[in-house]
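Enquirer: Here is my input, please return the structure:
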Amino acid sequence: MTAGRLTIAIVGLGPKGLYALDALCEAARDVPSQAFEVFLFEPSPHPGAGPIYDPHQADILLMNFPARLIDAWTDGRGPDFLTWMDSRGKAVTPEDYVPRAEVGRYLTWCFDRVVANAPSNIRWAIHPDRVTGLTPSADGWKVLPRGVVADEVLVTTGHQDWSRKGQPSDATHISSPFPVDQALTMACVPPGASVACKGFALTFIDTVLALTEGRGGVFTETEQGYTYQPSGDEPRLIAPFSRTGRPMRAKIEADRFIAPQDAAFWEARLSEIDRLLSDRPGATFCDDVWPALLNVADTILPSAPGTSQTVFADWHGTKFDADRSRAELRMGYDIALGTHPPDRCWALGEVWRRSYPRLVGWISHRELGETDATRFHTVAAEMERLAFGPPAQNVGKLICLVKAGVVSLDHLSGDLSADITIDATIPPAGSAALSPPLTGLLRDGHLSVGSLGGIVVNDQAQAQVKGVPTPGLSVIGRATEGSVLGNDTLSRRLHDLPERWADRVVRVAHAGQEMRLEQTA
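Expert: Here you go, the predicted model:
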């Protein structure tokens, strides 16, 4: 801290960095006599949105998050996404899954509003640099390569591999489909080529739509789903392959789906989960939490005790072939549109989805034992497929392309000899796919990895090693997944780490200011 001014560096200015900056501005208003100098580091030309929500990406790339939940503000201090869109004369319904580009335009506008309304005791500057390292110094942390020294550093780098991928590593292999306007051009994937896609989840669907609808193909919705009119510029064949063959279930269409249980049912069942988590401090995931969730799933649809456990064991324990994968896609789609009654897999996904905020509160900042952590990883991976799948419209388009022969599920084992191979996977959240500056910090012992695989932080976002905070170093977002459950989300409601981080930073700075005043009195 120099002459009473606290220097802060925020590394990464996607949504999490935006939320942290906003929280810092709000907290700083309460201590107008304390000065803050904030350095913002973001190589993307769209601060607030970052590369994931690039406002210029293709509109076929949709959110996996309904429009009603998109709100960059707390306490109604700014417009949520729906209000913002309405002010621009664009009609969006609460349940719409809108283009990521449109959300990027909203987030960029929010960033502009935050910095325009920053309190006078915050001085800020943005640098389009990719931070390559953070090294401790006598005065704080040196941010490389620029050399800025900060008292406090917050790393919010999100999908760190995004910008390192996207270019073909050779003529036949594309390391990532993103950004699609660079990685999936006709030069990279020629019309008529055969394409094998590693992965069978959300990124695969984005890839398929970019190579079909994104090249001028036209989908038309019908009562049975979709029809497709090709443009002639599509690949001849697109074939996914994966370790499991298990697809993601479609999210329900709220205006067409009829829930089998009402609000009173869920209030009672979720209250039971609350009591379990609060009244049994020694509860484990294997012996207490997961069995309780399975019991709730058994009661959603009439079934004998243990039915949900049997269904889950079959789902998880089976490598799906083409026939089962096609049938599963169709079943999830029909349930989502209300043309087929909910089944047991839907019940499992629904109890996980509704219980998720409670699981976030219970697991975050908790170190699970080895057995518990292994079981949680297994369950969470399958529930991701059942509870947090793509919009129904995207699944309907995928089913249509399978029927049209553009997409084939006959090579799920990876046996297709294709012209082009695309890695349509995103490394899992947590510490498995770190890049600078986090890799160097972990190597040098300034960070640690928890039992669920994420960078360990406390409830104020401070990095911790063996339970001791690393002075001046905080991390929020995707890299901490596991230490903080479910923070790889656009939602600002699920976690309050930006606010807790900002309150701590401002409180510490103000305490130091008061101490200096007392010493000079």
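Enquirer: how close does the residue nearest to Phe241 when sequence neighbours are not counted sit to Thr244?
Expert: Spatial nearest neighbour of Phe241, excluding adjacent residues (Cβ to Cβ, 6 or more residues apart in numbering): Gly414 at 3.6 Å. C-betas here are computed from N, CA, C, even on glycine. When Cβ to Cβ, to the nearest Å is applied, the distance between Gly414 and Thr244 equals 12 Å.
Enquirer: In a helix, Asp255, correct?
Expert: No: for Asp255, which was evaluated using DSSP: H, G, I helix; E, B strand; the rest coil, the result is coil, with no helix membership.
Enquirer: any idea how far it is from Pro94?
Expert: With the distance defined as Cβ to Cβ, Asp255 ends up 10 Å from Pro94.
Enquirer: Now do the helices in the stretch 251-400 of the chain.
Expert: According to DSSP state H, counting those that start in this stretch, the stretch 251-400 of the chain carries its helices in the segments 263-279, 290-300, 307-317, 322-336, 344-363, 370-387, 392-404.
Enquirer: Show me what the last one is packed up against.
Expert: Packed against helix 392-404 by the contact rule (3 or more Cβ pairs under 8 Å, 6 or more residues apart in numbering; DSSP states H and E) you find helix 202-211, strand 218-222, strand 225-229, helix 322-336.
Enquirer: Tell me the secondary structure at Val143.
Expert: Reduced to three states by three-state DSSP, Val143 is strand.
Enquirer: Show the model's pLDDT score for the closest residue to it other than its chain neighbours.
Expert: The spatial neighbour of Val143 that comes closest, neighbours along the chain excluded (Cβ to Cβ, 6+ apart), is Ala9 at 5.1 Å. With respect to pLDDT, Ala9 scores 98.
Enquirer: Same question for the one 3 residues further on.
Expert: Looking at Gly12, its pLDDT stands at 96.
Enquirer: just Gln160 next, same as before
Expert: On the pLDDT scale, Gln160 is placed at 56.
Enquirer: quick revisit: of all the helices of the stretch 251-400 of the chain, which one comes closest to Asp503?
Expert: Ranking those by their distance to Asp503 (criterion: Cβ to Cβ) puts helix 344-363 first, at 18.7 Å.
Enquirer: Would you mind getting the angle between that closest one and helix 290-300?
Expert: 140 degrees (axes from the mean of the first three to the mean of the last three Cα atoms, to 10 degrees).
Enquirer: elements contacting helix 344-363?
Expert: Using 3+ Cβ pairs under 8 Å, 6+ apart as the contact criterion, the elements in contact with helix 344-363 are helix 263-279, helix 290-300, helix 307-317, helix 322-336, helix 370-387.
Enquirer: Report the secondary structure state of the residue nearest to Val143.
Expert: Secondary structure of Ala9, per three-state DSSP, is strand.
Enquirer: With Asp181 instead?
Expert: Using three-state DSSP, the structure places Asp181 in helix.
Enquirer: Could you double-check that it sits in contact with Leu61?
Expert: No: counting by Cβ atoms under 8 Å, Asp181 sits too far from Leu61 to count as a contact (10.4 Å).
Enquirer: the more surrounded of the two?
Expert: A count of neighbours by other Cβ atoms under 10 Å puts Leu61 above the other of Asp181 and Leu61, at 21 against 14.
Enquirer: Now the more buried one: closest residue in space, sequence neighbours ignored.
Expert: Leaving aside its chain neighbours, Leu61 sits nearest to Arg100 (5.0 Å; criterion: Cβ to Cβ, 6+ apart).
Enquirer: Might you report the residue contacts of that neighbour?
Expert: Shown here is Arg100, whose contacts under the criterion Cβ atoms under 8 Å, 6 or more residues apart in numbering are Ile52, Tyr53, Asp54, Gln57, Leu61, Leu62, Met63.
Enquirer: So how do I select the buried members of the residues you listed in PyMOL?
Expert: Only the buried members of the contacts of Arg100 enter the following PyMOL selection, criterion being 16 or more other Cβ atoms under 10 Å:
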select buried, resi 52+53+54+57+61+62+63
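Enquirer: Reformat the helices and strands packed on helix 344-363 into a markdown table and put distance to Gly17 and mean pLDDT next to each item.
Expert: Shown next, in a markdown table, are the helices and strands packed on helix 344-363 (distance: least, Cβ to Cβ, whole Å; pLDDT from 0 to 100):
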| stretch | distance to Gly17 | mean pLDDT |
| --- | --- | --- |
| helix 263-279 | 31 | 95 |
| helix 290-300 | 34 | 97 |
| helix 307-317 | 36 | 97 |
| helix 322-336 | 34 | 98 |
| helix 370-387 | 25 | 96 |
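Enquirer: just so I know, which of the ones you listed lies nearest Gly472?
Expert: Relative to Gly472, the nearest member of these by Cβ to Cβ is helix 370-387, separated by 29.1 Å.
Enquirer: and the closest one, C-alpha only, in CSV?
Expert: Output of helix 370-387 as CSV, limited to C-alpha atoms (Å, rounded to 0.1, in the frame of the first residue of the first chain):
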residue,chain,number,x,y,z
GLU,A,370,-11.5,-39.8,-0.3
THR,A,371,-14.5,-42.1,-0.5
ASP,A,372,-17.0,-39.3,-0.4
ALA,A,373,-15.1,-37.2,-2.9
THR,A,374,-14.8,-40.1,-5.4
ARG,A,375,-18.6,-40.9,-5.1
PHE,A,376,-19.5,-37.2,-5.4
HIS,A,377,-17.5,-36.9,-8.6
THR,A,378,-19.2,-40.0,-10.1
VAL,A,379,-22.7,-38.8,-9.2
ALA,A,380,-22.1,-35.2,-10.2
ALA,A,381,-20.8,-36.2,-13.7
GLU,A,382,-24.0,-38.2,-14.4
MET,A,383,-26.3,-35.5,-12.9
GLU,A,384,-24.7,-33.0,-15.2
ARG,A,385,-26.1,-35.0,-18.1
LEU,A,386,-29.6,-35.5,-16.4
ALA,A,387,-30.1,-32.1,-14.8
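Enquirer: Walk me through the domains of the protein.
Expert: Taking automatic domain parsing as the reference, the chain has its domains at 5-54+104-161+429-520, 166-248+390-424, 263-389.
Enquirer: any idea how far the second one is from the chain center?
Expert: Centroid displacement of domain 166-248+390-424 relative to its chain, using Cα atoms, centre = their mean, to the nearest Å, is 22 Å.
Enquirer: what's the answer for stretch 334-346, then?
Expert: In terms of Cα atoms, centre = their mean, the centre of stretch 334-346 is set 25 Å apart from its chain centre.
Enquirer: Give the buried residues for it.
Expert: Quick answer for stretch 334-346 (16+ other Cβ under 10 Å): Asp334, Ile335, Ala336, Leu337, Gly338, Pro342, Arg344, Cys345, Trp346.
Enquirer: What is the subsequent helix or strand relative to the worst-scoring helix or strand of the chain on mean pLDDT?
Expert: Using mean pLDDT, DSSP states H and E, strand 168-170 stands out as the lowest-scoring helix or strand of the chain, at a mean of 59. Counting by DSSP states H and E, the element after strand 168-170 in chain order, helix or strand, is strand 173-174.
Enquirer: Next, the nearest residue to Gly17 once chain neighbours are set aside: phi, psi?
Expert: Of all residues not flanking Gly17 in the chain, Thr156 sits nearest, at 4.2 Å (Cβ to Cβ, 6+ apart). Main-chain torsions, Thr156, degrees, to the nearest 10: phi -130, psi 60.
Enquirer: Val11 versus Thr156, what's the distance?
Expert: Thr156 sits 7 Å away from Val11 when distances are taken as Cβ to Cβ.
Enquirer: shared neighbours, those two?
Expert: In contact with both Thr156 and Val11: Gly17, using Cβ under 8 Å, 6+ apart.
Enquirer: Comparing the two, which residue is more hemmed in?
Expert: Here Thr156 and Val11 are set side by side on neighbour count (other Cβ under 10 Å), and the busier one is Thr156, at 30 against 25.
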